[in-house]
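S.K.: got a predicted model here, sequence first, then my questions.
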Amino acid sequence: MAVTGFWPVFKNLRATLDYADNPDKTTLPEYLDEDLYAALRYAENDDKTDLKMFAGGINCSAQNAYAEMIAVQRRFGLRGKVVGYHGIQSFREGEVTPEQAFAIGKETARRMWGDRYQVLVTVHLNTDNVHCHFVVNPVSFKDGAKFQNKIGDHKELRKISDEICREHDVTISLGDACRPGCLADASDVCQIEELVRLGELTKRAWARDVQVMVEGPGHMPMDQIAANMKIQQTICMGAPFYVLGPLVTDIAPGYDHITSAIGGAIAAQNGAAFLCYVTPAEHLALPNVEDVKQGIIASKIAAHAADIAKGVRGAREIDDKMADARRVLDWDAQWECAIDPETAKQIREDRKPEHEDTCSMCGKFCAVRSMNKALAGEYIDIL
């Protein structure tokens, strides 16, 4: 299922409505409502929509959405500061193809707004999770009535999205807006109260045969992680729980993939179903490729360590193979077992030992080398 939401787009203070009265200038953004134009341009960004393969309009054309929306607003007169609404429908990574997301997004917009309003629908492909954007003209093309943006409208959007997603057999990802952003926030009333609401949403989804997964913290001291996993399992009745770390300390910018992996290992051992990786760039910058690699590897290590601790069948087999490869100093076999063989190879290559059957740490004093020679009845040449 998809996470949904929408919010108002407010008119820029530098409004030039005098120019908007001139029909020859209704397509020029510098003379009109800049925020609506910016929202449409963002949603239509070619880099994110695969050269507009996934951009379409409901009651308007994607190519001329701005001009057509402004024409309706001019026809009935734009009242108030809201010049549009910007919505999103976000899917879990790997849950849908861009084609499926586009079909779901268009149908969602059609059922939600299609009988009265103009909507630009696009699919953005610039992140791991495919997501739809909606830009809605708040003025009805039928009678000029303004979209009221009531609480019930947000609920209706979620209901419609859930129905369509159910038809397409996808899963709702229940996000936690109140997850702790620092250790001081961990396990506070706000976080636990939201978890109660997530449990209620889980029941609602299951009652309609819809799958869910629940998002969890966040920043959290190590001694609180296990308890939080158990609380979630109880309140959300065992629905899969995925956690953002948790980060176990707040003082390690540049190393939060490590603080995250520590918390992730504890969380996974105590019932978390999925770990969301954190990169070294967390809290600092947009991650680059190397940051993403480091984050994923740290998270995979945490997950694997938890599988071993939980006694998952077959989890330790690769570790036993690595131990055997190290016992006989079989470097190629070690690379095959390594979670990141390229890095392991590079480290050894950069610091080559004098003797191939050792490493540069211990050299001929390697205990494994000496034991192998002893067991084979060979002379142990330490000096």
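M.R.: Arrived safely.
S.K.: helices of the stretch 151-300 of the chain, start to end?
M.R.: 151-167, 189-207, 222-235, 256-269, 289-310 (DSSP state H, counting those that start in this stretch).
S.K.: and among the ones you listed, the most buried is which?
M.R.: A comparison of the helices of the stretch 151-300 of the chain by mean neighbour count, using mean count of other CB atoms under 10 Å, puts helix 256-269 on top with a mean of 26. Where C-beta positions appear, they are placed from N, C-alpha and C, glycine not excepted.
S.K.: what is the mean pLDDT for that helix?
M.R.: Across helix 256-269, pLDDT averages out at 97.
S.K.: helices or strands next to it in the packing?
M.R.: Helices and strands touching helix 256-269, by 3 or more CB pairs under 8 Å, 6 or more residues apart in numbering; DSSP states H and E, are helix 222-235, strand 241-243, strand 274-275, helix 289-310.
S.K.: so which of the ones you listed gets nearest Tyr117?
M.R.: With respect to Tyr117, and counting by CB to CB, the nearest of the helices and strands packed on helix 256-269 is strand 241-243 at 34.9 Å.
S.K.: partner strands of the closest one, with direction?
M.R.: Under the criterion DSSP bridges, strand 241-243 sits next to strand 211-216 (parallel), strand 274-275 (parallel) in its sheet.
S.K.: next, format those strands as CSV and append mean neighbour count.
M.R.: Below are the strands paired with strand 241-243 laid out as CSV (neighbours: other CB atoms under 10 Å):
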stretch, mean neighbour count
strand 211-216, 21
strand 274-275, 22
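S.K.: same list, those, but as CSV with distance to Val82 and mean pLDDT please.
M.R.: Formatted as CSV, the strands paired with strand 241-243 follow (distance: least, CB to CB, whole Å; pLDDT from 0 to 100):
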stretch, distance to Val82, mean pLDDT
strand 211-216, 30, 90
strand 274-275, 38, 94
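S.K.: how about those in JSON lines, adding distance to Ser140?
M.R.: Below are these laid out as JSON lines (distance: least, CB to CB, whole Å):
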{"stretch": "strand 211-216", "distance to Ser140": "34"}
{"stretch": "strand 274-275", "distance to Ser140": "42"}
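S.K.: measure Asn228 to Gln191 for me?
M.R.: Separation of Asn228 from Gln191 (CB to CB, to the nearest Å) stands at 8 Å.
S.K.: for the residue nearest the centre of the chain, what are its contacts?
M.R.: Residue closest to the mean C-alpha point of the chain, counted by CA atoms, centre = their mean, is Asn129 at 6.2 Å. Asn129 makes contacts with 90-93, 95, as judged by CB atoms under 8 Å, 6 or more residues apart in numbering.
S.K.: recalculate using a threshold of 10 Å.
M.R.: Asn129 makes contact with 2-3, 90-96, 101, 173, according to CB atoms under 10 Å, 6 or more residues apart in numbering.
S.K.: cool, and Val328?
M.R.: Contacts of Val328 by CB under 10 Å, 6+ apart are 334, 357, 368, 372.
S.K.: which of those has the most neighbours?
M.R.: When neighbours are counted by other CB atoms under 10 Å, Gln334 leads the contacts of Val328 with 20 neighbours.
S.K.: thought Ala184 was touching Asp250?
M.R.: Yes. Contact status for Ala184 versus Asp250: in contact at 8.6 Å, counting by CB atoms under 10 Å.
S.K.: show me where the protein has strands.
M.R.: Taking DSSP state E, the strands of the chain run over residues 2-10, 55-58, 82-91, 119-124, 131-136, 171-174, 211-216, 241-243, 274-275.
S.K.: mind listing what the second one pairs with, with the direction of each?
M.R.: Note on strand 55-58: by DSSP bridges, its sheet partners are strand 119-124 (antiparallel).
S.K.: which neighbours do Asn228 and Gln191 share?
M.R.: Contact with both Asn228 and Gln191 is made by residues 180, 216-218, 220, according to CB under 10 Å, 6+ apart.
S.K.: any chance of the residues you listed in a markdown table, plus distance to Asn64?
M.R.: As requested, the shared contacts of Asn228 and Gln191 are exported to a markdown table (distance: CB to CB, whole Å):
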| residue | distance to Asn64 |
| --- | --- |
| Pro180 | 46 |
| Gly216 | 44 |
| Pro217 | 45 |
| Gly218 | 44 |
| Met220 | 50 |
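S.K.: quick one: find the helix or strand in the protein with the lowest mean pLDDT.
M.R.: Lowest by mean pLDDT, DSSP states H and E among the helices and strands of the chain is helix 17-20, with a mean of 27.
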